[in-house]
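In: Any chance you can model this:
(chains A and B)
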There are 2 protein chains.
Amino acid sequence: MLSYRLSSPVKLTPVTEHDLAHFSKFLQPSSIISTLSPNPSSQDELAPYNSDWMGRYKGHSTTVLKPKTTQEVSEILKWCNAKRIGVVPQGGNTGLVGGSVPVNDEIVLSLSNLNKVRSFDPVSGILVADAGCILESLTDYVAPHNHIMPIDLGAKGSCQIGGNVATNAGGLRLLRYGSLHGTVLGLEVVLPDGTILDQLTTLRKDNTGYDLKQLFIGAEGTLGVITAVSILTPPAPQASNNVILALPSFDNVLPLYQTVKRHLSEILSAFEFIDRTAYDLAVKHGQGRALSEDDVEGAECFVLVETSGGRREHDEEKLSDLLELLLSADKPLVNTGVLSQSPAQFSSIWALREGVTEAVSKEGKAYKYDISVPLSSFKEVVDNTREHLRSKGLLHDKAVKFVLGYGHVGDGNLHLNVCADAYLPEIQDALEPYIYEVVSKYRGSISAEHGIGAMKTHALPYSKSATSIELMKKIKHIFDPQGIMNPGKVLE
Amino acid sequence: MLSYRLSSPVKLTPVTEHDLAHFSKFLQPSSIISTLSPNPSSQDELAPYNSDWMGRYKGHSTTVLKPKTTQEVSEILKWCNAKRIGVVPQGGNTGLVGGSVPVNDEIVLSLSNLNKVRSFDPVSGILVADAGCILESLTDYVAPHNHIMPIDLGAKGSCQIGGNVATNAGGLRLLRYGSLHGTVLGLEVVLPDGTILDQLTTLRKDNTGYDLKQLFIGAEGTLGVITAVSILTPPAPQASNNVILALPSFDNVLPLYQTVKRHLSEILSAFEFIDRTAYDLAVKHGQGRALSEDDVEGAECFVLVETSGGRREHDEEKLSDLLELLLSADKPLVNTGVLSQSPAQFSSIWALREGVTEAVSKEGKAYKYDISVPLSSFKEVVDNTREHLRSKGLLHDKAVKFVLGYGHVGDGNLHLNVCADAYLPEIQDALEPYIYEVVSKYRGSISAEHGIGAMKTHALPYSKSATSIELMKKIKHIFDPQGIMNPGKVLE
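Out: A predicted model of the protein is given here:
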């Protein structure tokens, strides 16, 4: 297994039994898990908090605190700030860049016990919820009111809304509902010194000074702890449909995107790209099947189009008219297209796209890059990476088996996966900084939606200028002069 | 005429002929307008830059600079920062809170000559434009590519995109396309020391550290000068329809909003509220006419619903079905509704809503409050304000003639207008801080979309906590330690 370089750049103090005695004055016993006396927990109990789900990052925290109120969070931070004890806020711990795992022996501050919905207004659709609410349970909460959450992602069953906001999660609905910078209306944040910053407004519009809450969206817990979120939930669409399209050439993806946007307009809710390698791998590992062998003959890549709209018959008419137009064209942009006819087919088409991750993990060890580059360069980036690995003699059964790409065309977000027999230093060295340099050349982003975490702090300059990084450091210093918040993350 | 209290809190230096000599080294003669030697302009030439369009704010600037490049902006700021000369960035100067007028003798930095489109990608819809581009000309620019700007407002013919972003303008399309915090993808900003902060990304997703550009959105030029904007433009709808509905009671507005949202879903693009007083005034001054006398009999208020969608016949079907449902209900929420049947009728219905401003100005002097309060309290706020003025003996022909409300229900944004025979100190004193206290009681916003400018700096604490204001000041200090940027605006 490959270990990423971790660093704890500031001088912080480890938790002691004295600190624990203080915390036990205001926290219930069940809110403290620690290997320190007086009631030491086992290392096993700490393990899930000290490691990410991929097993890539390992911390050495002795103590996990699980406060039940914002006031408790405030008391914890005030103490830690005075004592210079590092604090790692942790939500569902479903991140991909090691952002919610300690780099050393910081306290893990789990938000799991802050899990109540505070209010929901069915007229405006504004939901106010504690940070520890699980995304899926919020989706379930607003469903009877005919609303949906503006974000959706694979980890919805475990990720928490506070973590979603702290990491500025993107996901599957961004094309339609925009980013959290637009949908989050307010935040309650506890600053490192214990001050509760109440910006938990339920106003859709408030133009009074600098929009401070924006800084916490995507700061990955380095500026303070988000304890509650006010978010605008859109009305639930009445119908969803999808279609999978096989394209003879990647060059057709962009013209297709334009055509689809024009014809589906406001009901377009996803336009996802899967290259041939990714498709074949998904099918090989049983991740959905929608197209026959004949259909995929000669297809260089695939596109999944989803619609979500207010009236089923209107949406179906728009989608089938589009398909007819595409297939009857003189020079068709697609070889074939299959429209889902049932909920089962709808899921099966999505499984082709969403199953790529699982297929890759069954096939070997994955190096995953989540980048933003111009739409037109998706194929070039994947092909060049493959050729680069070939030129290094690394493209064979015992090293890199596949290089593949898939992602959100509508968002310019490419998931570049390098699937290898095993994690090898020479593959790692061939990929980095190679890929970051490619991204930088395109003025792209080295992290479109996964964030920086502990994984990419060293690579930040590929996406951000020295001036920007300097300003970020100054802002960090305003909010967290002691440097206790999530040390070693985002900024080196 | 009422003069608002203005203050220039920092010690700044006036421009001298020596400074002008420096500027003329890199600026063309046409880019300098100054009453100072060697080629003094007349006061008249300076006047439009020294005053807002309502004539409420007057500055005493001797010098206007109109740079043509970002580099020139940088040179100007670098010099002013070293010399501690105040700088007021000015776009179309269409604001309502005195944000773009000098409070004293600062330099006016007009962005009007930075007016080129830098790029437009018809596939992604991403537009990159100089800050000085006029909103309407950008709308015209993207129209042939079947795109629209995500914002639209009354001042579109003169306001500039840089000013829109700097003031976080809301406008008529916010319900549909969200705020600029979501649609602006990148900014180029010149910091007070002349550093060019290039965050002019055309990426829809970039999750690499703190989203600094968000700070400049709504900062009203107090942190730096926006010189270019990258913005996501949505596909143009193929059809727009509207309907005006007369309601017997304000209590029906919210149930109506829920019904309309459920039935029109993604094609709903405006839901505007006009109270009876506002409606009558608009009709009196010839601002559109859509309803007969019989129709408005007994109506307490009116709602304008607009749809924008991808296919006319689908949209019309949805809208007429909705109207039928509303009118055939057992207990109808509306007395009547008139659907526009032609472009002329469509405009006439909009004129009822958009013409309120002009009608009010024809009727007398207006005190305008642009506030966010809970939807359910719109009527209460208007009625209570009227009663409050009555209790002060100010509701008569020679003082306050009308108190009326209209606004964007979908955004929770009420425009509360007090129409008086003349601007009188006793009216002003009766209204403030009364209205700010009401807003504060509802945890609302004292400025939903107009900003703070010079007008409301003293009122900021009604909407923002002391902690927030303290953090804003620290952020201001990071970016502008000399305090040269738009002094006296936003923060006192």
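In: Isn't residue A:214 up against residue B:216?
Out: No. Applying C-beta atoms under 8 Å, one finds residue A:214 not in contact with residue B:216, separated by 10.5 Å. (Glycine included, C-beta is placed from N, CA and C.)
In: Residue numbers of the stretch 351-492 of chain A in contact with chain B?
Out: Contact residues (C-beta under 8 Å from any C-beta of the partner chain) of the stretch 351-492 of chain A with chain B: A:372, A:374-376, A:408, A:410-413, A:443-452, A:456, A:460, A:463-465, A:467-469, A:471-472, A:474-476, A:478-479, A:490-491.
In: PyMOL command for the buried members of those?
Out: Selection of buried members from those for PyMOL, criterion 16 or more other C-beta atoms under 10 Å in any protein chain shown:
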select buried, chain A and resi 372+374+375+376+408+410+411+412+413+443+444+445+446+447+448+449+450+451+452+456+460+463+464+468+469+471+472+475+476+478+479+490+491
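In: coming back round to it: comparing residue A:214 and residue B:216, which shows the higher neighbour count?
Out: Between residue A:214 and residue B:216, counted using other C-beta atoms under 10 Å in any protein chain shown, residue B:216 has the larger neighbour count: 27 against 23.
In: show me the contacts for the more buried one.
Out: Residue B:216 makes contact with B:165-166, B:187, B:189, B:223-224, B:226, according to C-beta atoms under 8 Å, 6 or more residues apart in numbering or on different chains.
In: if you set the cut-off to 7 Å instead, what comes out?
Out: B:166, B:187, B:189, B:223-224, B:226 (C-beta atoms under 7 Å, 6 or more residues apart in numbering or on different chains).
In: same thing with residue A:197?
Out: A:189, A:191, A:224, B:467-468.
In: mind checking which helix or strand it is in?
Out: strand A:196-199 (DSSP states H and E).
In: For that strand, which strands pair with it and how are they oriented?
Out: Here strand A:196-199 is paired, per DSSP bridges, with strand A:184-190 (antiparallel).
In: Looking at the contacts of residue A:197, which are in strands?
Out: Using DSSP state E, the subset of those located in strands is residue A:189.
In: Show me which of the contacts of residue B:216 is closest to residue B:67.
Out: Taking C-beta to C-beta as the measure, residue B:67 sits nearest to residue B:226 out of these, at 13.1 Å.
In: Ramachandran coordinates for the residue in chain A that chain B sits nearest to?
Out: Taking C-beta to the nearest C-beta, chain B has its nearest neighbour within chain A at residue A:182, 2.4 Å off. Main-chain torsions, residue A:182, degrees, to the nearest 10: phi -100, psi -40.
In: Quick one: residues contacting it.
Out: Counted by C-beta under 7 Å, 6+ apart, residue A:182 has contacts B:178-179, B:181-182.
In: and these as JSON lines, adding pLDDT and secondary structure?
Out: JSON lines is the format used below for these (pLDDT from 0 to 100; DSSP: H, G, I helix; E, B strand; the rest coil):
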{"residue": "B:178", "pLDDT": "92", "secondary structure": "coil"}
{"residue": "B:179", "pLDDT": "94", "secondary structure": "coil"}
{"residue": "B:181", "pLDDT": "96", "secondary structure": "helix"}
{"residue": "B:182", "pLDDT": "95", "secondary structure": "helix"}
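In: out of these, who's nearest chain A?
Out: Of all the contacts of residue A:182, residue B:182 has the smallest distance to chain A: 2.4 Å, by C-beta to the nearest C-beta.
In: Spatially, what comes nearest to that closest one if we skip its sequence neighbours?
Out: residue A:182 (2.4 Å; C-beta to C-beta, 6 or more residues apart in numbering or on different chains).
In: what residues does the stretch 1-150 of chain A put near chain B?
Out: With the criterion set to C-beta under 7 Å from any C-beta of the partner chain, the stretch 1-150 of chain A comes near chain B through A:122-124, A:146.
In: what about residue A:166, neighbour count?
Out: Counted with other C-beta under 10 Å, residue A:166 comes out at 33.
In: Next: residue A:18.
Out: The local packing of residue A:18 (other C-beta under 10 Å) involves 9 other residues.
In: give me every residue that touches it.
Out: Under the criterion of C-beta under 7 Å, 6+ apart, residue A:18 has no neighbours.
In: Contact partners for the residue lying closest to residue A:471 once chain neighbours are set aside?
Out: Of all residues not flanking residue A:471 in the chain, residue B:212 sits nearest, at 5.9 Å (C-beta to C-beta, 6+ apart). By C-beta under 7 Å, 6+ apart, the residues touching residue B:212 are A:468, A:471, B:199.
In: Please report how far the first one lies from residue A:447.
Out: Shown here: residue A:468 relative to residue A:447, a distance of 14 Å by C-beta to C-beta, to the nearest Å.
In: Max pairwise distance over the residues of the stretch 1-150 of chain A next to chain B: which two?
Out: Greatest spatial distance in the residues of the stretch 1-150 of chain A next to chain B: A:124 and A:146, 13.1 Å, computed using C-beta to C-beta.
In: The two: which has the busier surroundings?
Out: Neighbours per residue (other C-beta under 10 Å) separate residue A:124 from residue A:146, with residue A:124 holding more: 24 against 17.
In: returning to what we had before: next SSE downstream of the strand holding residue A:197?
Out: Remark: after strand A:196-199, the chain's next helix or strand is helix A:213-216, criterion DSSP H and E.
In: what about that next one, average pLDDT?
Out: On average, the pLDDT along helix A:213-216 is 97.
In: can you count the residues close to residue A:30?
Out: Counted with other C-beta under 10 Å, the neighbours of residue A:30 add up to 9.
In: ok but it is inside a helix, no?
Out: Yes. The assignment for residue A:30 by DSSP: H, G, I helix; E, B strand; the rest coil puts it in a helix.
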